[in-house]
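Student: build me a structure from this.
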Amino acid sequence: MSLWLSLIVLLPLAALTVASFEEGLAGFWEAVTAPVALASLRVTVGVSVVVALVNALMGTLIAWVLVRDDFPGKRIVNALIDLPFALPTIVASIVLLSLYGPSSPVNIHLNATQGGLVVALAFVTLPFVVRSVQPVLIEADREVEEAAASLGSDNWTTFRRVVLPTLMPAIVSGTGLAFARAIGEYGSVVLIGGNIPRETQVASQYIQQQIEIDRPVNAAAVSVALLAIAFLTLFLLRLYISRAQQREESAE
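Tutor: Residues are numbered from 1 along each chain as shown. A predicted model of the protein is given here:
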């Protein structure tokens, strides 16, 4: 297992890190802090934060409806949630460009805007929060909610004080995974994003651009910066979940 992990994960990451420092620490810093590189990182992180927050709200709402409500076509909707995992992301970009591009049939034009980036990234990261929250809702003790209602709590108070604390670790977990996924996305934004430097160019597009103009060190340096952001996100996520589990165990 260690050999497989090394071949698939550790060696490529090590090679990428070494490549990013080919011109020394000064060269790495210059590559990461170049104005266009910083702009692409700001756009990437900013849009990814917005997408993660939107998913935290909408993903939780969708999970709630799928678990607590019955309606015609529920199984179909539940199956469609996983579609972004199976659909090639470039196909998603083509669909979104057809729907929200210059020839939009619904007269909504998001091509080459940060709004288009948000829509594209929200699509590919939708399942993370939904699939994180669903199992918790299924296992949640409905009797506690009924007891709170019998004591006079309204629906909002019951949700805020009884349901939400139970769901919060799952919501945070799904939101963190959605953010980590969004910062490295390329396929779904390549067409609808427009790739406009300092405006809609995300870090993955900047990396591709640097490779095309034969600046592999710059591409590797920004890649390592993205890797660091993703690693920090996952580390904080793991830390939060561990502490949440410890609090739950101590409460029992």
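Student: quick check: pLDDT value at the residue nearest the centre of the chain.
Tutor: Central residue of the chain (CA atoms, centre = their mean): A178, 2.1 Å from the mean position. If you check A178, the pLDDT there is 94.
Student: same thing with L5?
Tutor: 65.
Student: and if you look at G193?
Tutor: 89.
Student: and for the closest residue to it other than its chain neighbours, the neighbour number?
Tutor: Leaving aside its chain neighbours, G193 sits nearest to T200 (4.8 Å; criterion: CB to CB, 6 or more residues apart in numbering). C-betas here are computed from N, CA, C, even on glycine. Using other CB atoms under 10 Å, the number of residues around T200 comes to 22.
Student: do I have it right that the residue nearest to the centre of the chain meets A52?
Tutor: Yes: counting by CB atoms under 8 Å, A178 touches A52, with 4.9 Å between them.
Student: nearest residue to V49 other than its sequence neighbours?
Tutor: F179 (6.8 Å).
Student: what's the spacing between that neighbour and G187?
Tutor: 18 Å (CB to CB, to the nearest Å).
Student: if we can go back for a sec, who touches both of A178 and A52?
Tutor: T125 (CB atoms under 8 Å, 6 or more residues apart in numbering).
Student: show me where the stretch 51-200 of the chain has its helices.
Tutor: Assigned helices in the stretch 51-200 of the chain, in chain order: 74-80, 83-86, 89-100, 114-139, 142-150, 155-158, 164-183 (criterion: DSSP state H, counting those that start in this stretch).
Student: what's the first one packed up against?
Tutor: With contacts defined as 3 or more CB pairs under 8 Å, 6 or more residues apart in numbering; DSSP states H and E, helix 74-80 has these neighbours: helix 35-68.
Student: by how many degrees do the helix it packs on and helix 114-139 diverge?
Tutor: 30 degrees (axes from the mean of the first three to the mean of the last three CA atoms, to 10 degrees).
Student: how about helix 35-68: buried residues?
Tutor: By 16 or more other CB atoms under 10 Å, the buried positions in helix 35-68 come out as 37, 39-41, 43-45, 47-48, 50-52, 54-56, 59-60, 62-64, 66-67.
Student: give me the helices and strands touching it, please.
Tutor: helix 24-32, helix 74-80, helix 114-139, helix 164-183, helix 203-212, helix 216-251.
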